[in-house]
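# Need a 3D model of the following:
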Amino acid sequence: MDPKEPTPAYTQEDGVDYVPADTNVVFGHQFASIAGAGPINGPIQAAIFGWVPVLLWILFGGVFFGAVQDFASMYASVKSKGKGIGTIIEMYIGKTGKKLFLLFCWLFCILVVAAFADIVAGTFNGYSDTGATIQANGAVAMTSMIFIVEAVCLGMILRYAHLNKWINTALAVLMLIAAVWLGMHYPIYLTQTTWHYIIFIYIFIACVVPVWALLQPRDYLNSYLLIFMIVGAVIGVFVSNPSINLAAFSGFDVDGQMLFPILFVTIACGAVSGFHSLVSSGTASKQIKNEKDMLPVSYGAMIMESMLAVIALICVASFASGEAASMGLVTQPQIFAGAIANFLVSIGLPWDLTFTLINLAVSAFALTSLDSVARIGRLSLQELFL
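Reported below is the predicted structural model:
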């Protein structure tokens, strides 16, 4: 890496995709984009095989495979004028390889968009099966919508006001607190189907507007929420010191699910994932201000994601058999949020408030990944016809 070498964010700057950003802003984008709901859902699903294989794969996979891959992808892109993997493949393999990869990439992005949109719509769904309103989901939905409006305002401030980074940070934290307060007091109740339409309209817009106007500031805001969530979870784990009620190893075949490959498929995002390469080389590489920022942004974001995956494993292991279901915690994000709420009750925080805030953080993960993957899909489709 050469700190004196101009990065593509400057040499190719176009005000849309190539826009230089501070390290903490790009880190927030990278972390929030690659994480999504993967490091939360994956370890909880894979826990059927016991906590030992899950923990080992998160640690060894994240440190020696995932983080290395993310850095290598970003490095290759930054050194190639910020181009995506498809263009780099064309340089070394040929046009056929490029077109095959980009076609696969575009179809893959459609699948990810569909999956994450469904997760987010489910988190925002304001009504239960019986027709009763779900206050926690309504609060999460309203807060997320306010986030989007605040992100546009913050984007204008970051681009045109040129304030000190500490002032920008203070503004972001204040906006975050205001959004959470308004969401908690003024929840919005819409059906899951309605949220599907709203989310698809939103990501259609988000994937084409300049990154400085929405993607960068939204990720910047969300990164603080996500870091607060992780810090709170770590404190909760150490203070409550939960018992591990999960078997160390349940066997290679559990309920017809084979450890190979199910363990590695479910924990993909928490250990090593090809999607991370698309983020590192598709959006983040176009925002890097200095080549020395590549290591903390790419490698550092993957290490933090692996830590989140370990926390998710502790969360599911803290429940006795059938306990989560008896509390009405059915989905993986609900199990994760419920466990952390249980941990933080020991330091005096109310369970309902904590549960809502953690649900909000999980939905922020998923919605941020939606922004990024929709943009990557758009870029892949463009490159396919170049």
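# hey, where'd the strands end up in this protein?
253-254, 257-258 (DSSP state E).
# export those strands to a markdown table and tack on mean neighbour count?
Yep, even glycine has a C-beta here, placed from its N, CA and C like the rest. Below are the strands of the chain laid out as a markdown table (neighbours: other CB atoms under 10 Å):
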| stretch | mean neighbour count |
| --- | --- |
| strand 253-254 | 13 |
| strand 257-258 | 13 |
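# Mind listing what's buried along stretch 226-238?
226, 229-230, 232-234, 236-237 (16 or more other CB atoms under 10 Å).
# Which member of those residues is positioned nearest residue 336?
residue 233 (8.8 Å; CB to CB).
# so what's the closest one scoring on pLDDT?
We note a pLDDT of 92 for residue 233 in this prediction.
# Make sure residue 9 is actually in contact with residue 289.
Yes - between residue 9 and residue 289 there is a contact under CB atoms under 8 Å: 6.1 Å.
# Please say which of those two ends up with more neighbours.
Higher neighbour count among residue 9 and residue 289: residue 9, with 21 against 16, using other CB atoms under 10 Å.
# Now for the closest residue to residue 172 other than its chain neighbours, how many residues are close by?
Spatial nearest neighbour of residue 172, excluding adjacent residues (CB to CB, 6 or more residues apart in numbering): residue 221 at 5.5 Å. Residues near residue 221, counting by other CB under 10 Å, number 25.
# same check, this time on residue 162
8.
# how many neighbours does residue 244 have?
What residue 244 shows, counting by other CB under 10 Å, is a neighbour count of 11.
# Verify the contact between it and residue 318 for me.
Yes - in terms of CB under 8 Å, residue 244 counts as a neighbour of residue 318; the distance is 7.2 Å.
# Please determine how far residue 316 is located from residue 304.
20 Å (CB to CB, to the nearest Å).
# likewise residue 107?
29 Å.
# Same drill for those two, tell me which one is more crowded.
Neighbour count, other CB under 10 Å: between residue 107 and residue 304, residue 304 has more, with 21 against 11.
# The more buried one - nearest residue in space that isn't next to it in sequence?
Nearest non-adjacent residue to residue 304 (CB to CB, 6+ apart): residue 31, at 5.9 Å.
# can you check residue 360 too?
residue 140 (4.6 Å).
# For the one you found, list the residues it contacts.
Contacts for residue 140 (CB atoms under 8 Å, 6 or more residues apart in numbering) come out as 123-124, 183, 356, 359-360, 363.
# same thing with residue 248?
Contacts of residue 248 by CB under 8 Å, 6+ apart are 50-52.
# Nearest to residue 84 among the contacts of residue 140?
residue 363 (27.7 Å).
# ok, now how distant is the closest one from residue 357?
11 Å.
# gap between the residue of the chain most remote from its centre and residue 88?
In the chain, residue 94 marks the outermost C-alpha relative to the chain mean, sitting 32.5 Å out by CA atoms, centre = their mean. For residue 94, the distance to residue 88 equals 12 Å [CB to CB].
# Also residue 35?
24 Å.
# Buried residues of the longest helix along the chain, list them for me.
Assignment by DSSP state H gives helix 351-384 as the longest helix of the chain. For helix 351-384, burial by neighbour count (16+ other CB under 10 Å) applies to 354-380, 383.
# give me the number of residues near residue 187?
Neighbours of residue 187 (other CB under 10 Å): 20.
# roughly how far apart are the closest residue to it other than its chain neighbours and residue 186?
Leaving aside its chain neighbours, residue 187 sits nearest to residue 138 (2.9 Å; criterion: CB to CB, 6+ apart). Note on residue 138: its distance to residue 186, by CB to CB, is 9 Å.
# The two: who's more crowded?
Between residue 138 and residue 186, counted using other CB under 10 Å, residue 138 has the larger neighbour count: 22 against 12.
# For that one, give me its contacts.
126, 187-189.
# Who wins on neighbours among these?
residue 126 (23 neighbours).
# how about that one, what does it touch?
Residue 126 neighbours (CB under 8 Å, 6+ apart): 133-134, 137-138, 141, 187-191.
# Can you tell me how far the residue lying closest to it once chain neighbours are set aside is from residue 200?
Of all residues not flanking residue 126 in the chain, residue 189 sits nearest, at 3.2 Å (CB to CB, 6+ apart). As judged by CB to CB, residue 189 and residue 200 stand 20 Å apart.
# With residue 129 instead?
24 Å.
# So the two - more neighbours on which side?
residue 200 (15 against 5).
# Could I get the contacting residues of the closest residue to that one other than its chain neighbours?
Distances taken as CB to CB, 6+ apart put residue 117 closest to residue 200, at 6.5 Å, once the chain neighbours are dropped. Residue 117 makes contacts with 196, 199-200, 203, 370, as judged by CB under 8 Å, 6+ apart.
# before we move on, what about residue 286?
Taking CB under 8 Å, 6+ apart, one finds 8-9, 12, 17-19, 77, 82, 211 in contact with residue 286.
# for residue 311, same thing?
Per CB under 8 Å, 6+ apart, neighbours of residue 311: 230, 233-234, 237, 340.
# And for residue 262?
Applying CB under 8 Å, 6+ apart to residue 262 gives the contacts 46, 49.
# redo that, cut-off 7 Å
Residue 262 makes contact with no residue, according to CB atoms under 7 Å, 6 or more residues apart in numbering.
# likewise the one 10 residues further on?
For residue 272, the contact set (CB under 7 Å, 6+ apart) comprises 61, 65-66, 69.
# Excluding covalently adjacent residues, which one is nearest to residue 294?
Leaving aside its chain neighbours, residue 294 sits nearest to residue 74 (5.2 Å; criterion: CB to CB, 6+ apart).
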